Structures are given as C-alpha cells and as structure tokens.
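In: Need coordinates for the following:
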Amino acid sequence: MNWLEQKHLALLDGAGRRQQPDLDKVRLCFELLALGAAIDRDCATRLGRHRLSEGKFVLLFLLLDAGDGLSPHQLAERAGVTRATITGLLDGLERDGFVVRAADPLDRRRVTVRLTAAGRETAAMLADEHSRWIATLFADVTAAEQQQLSRLLQRIWLRTDAGRDGQPPPATPFSPT
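Out: Below is the predicted model:
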C-alpha cells in the first residue's frame, strides 16, 4: 500500500535514481508528513460538519473552562496566534452564535469573550468527540509503544532548527495516566 503524496514519491524516485544515501530515512520523514496531513484532513472534515476550523475549535476549547471568559489578547496568547488572527476567528464564531464579546462596564476598551449556550454545548460535545477520535488513532498502539514513539519524536524534534534553537516540542512529553 502506498500512502505517500505524489510529490514525495517523485522526490524518492529521483533520489533513488541518483543513489542518494539514507533513502530509507527520507521515506520515513515523508511517511510522517503523510500521516500528519491525513490527520489534519480528517480533523478538518470532522470540525467542518460543525462550521468550525481547527482555529475556531481551539478557541471554543479554551473558553470552555474559562467561566468568566477571556480577553482576545489572552486567547491569542494561549492559542499561539496573532491578535489579528484572533479577531477573524472571533468574528466567525460570533456570527455563528458560538461566542459573545462584551465590553467591561468599568473600562470599555477591555473586551471579554464568553461562550453562548450553543457554544458551550458544541464545545463540550466536540471536546469529548475529538478526544475519542484521537484515541481511536492509537487504539492498536500499546502504552509502551506510545512512550517509545513519544521519545523517538522528541529525539527527532531536537534535530530540527526549532529544537536546536531550544524551542520546546509542540506538546509536553507523553506520560500515561
């Protein structure tokens, strides 16, 4: 079964014809990229059914446990995006009835974003659904294999430019619960 993208197959073919070393490592990298792309596509499809992008879902998730709401600045910081991006995401979420923005009565320059009832219901349902879906991806991977995979991915991360620059991996180290 070949699940690599056409561009990766073409690159592998060319590298093979040139007899480049470590072709197996290049293929492994392309397999990792293909897996990530497949997960992203599946995620987009699942969230799209609810008129959500991954960015909007992240904001709903962040607001789910923020009883008093969060400011756009706090949301941008926690989601790791710019304030301009947050504005666009919030506009869409507000238009679709998932959030409301309210001015602070003491300082009208300050805005707090809160989930609506529909937003809270959708966020709670999707948080559970999303977690169950992700768990199914690893259903055939033992706890020991999960730990091993996490260690391997972290070792590879340290060889990236970001890892060498001291940036932490995108997720915390795996620890089974």
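In: So residue 101 sits against residue 116, correct?
Out: No - using C-beta atoms under 8 Å, residue 101 is not in contact with residue 116, being 11.0 Å away. From N, CA and C alone the C-beta is placed, and that goes for glycine too.
In: in the helix of greatest length in the chain, what counts as buried?
Out: What stands out as the longest helix in the chain, according to DSSP state H, is helix 23-48. By neighbour count on 16 or more other C-beta atoms under 10 Å, the buried set for helix 23-48 is 26, 27, 30, 43, 47.
In: same check, this time on stretch 73-81
Out: Within stretch 73-81, judged by 16+ other C-beta under 10 Å, the buried ones are 75, 76, 79, 81.
In: and which of those residues is nearest to residue 141?
Out: For those, the closest approach to residue 141 (C-beta to C-beta) belongs to residue 79, at 28.1 Å.
In: my guess is residue 141 is in a helix, correct?
Out: No - assessed by DSSP: H, G, I helix; E, B strand; the rest coil, residue 141 does not belong to a helix; its assignment is coil.
In: Keep only those of the buried residues of stretch 73-81 that are in helices.
Out: 75, 76, 79.
In: where do the strands sit along this protein?
Out: For the chain, applying DSSP state E gives strands covering 99-103, 111-115.
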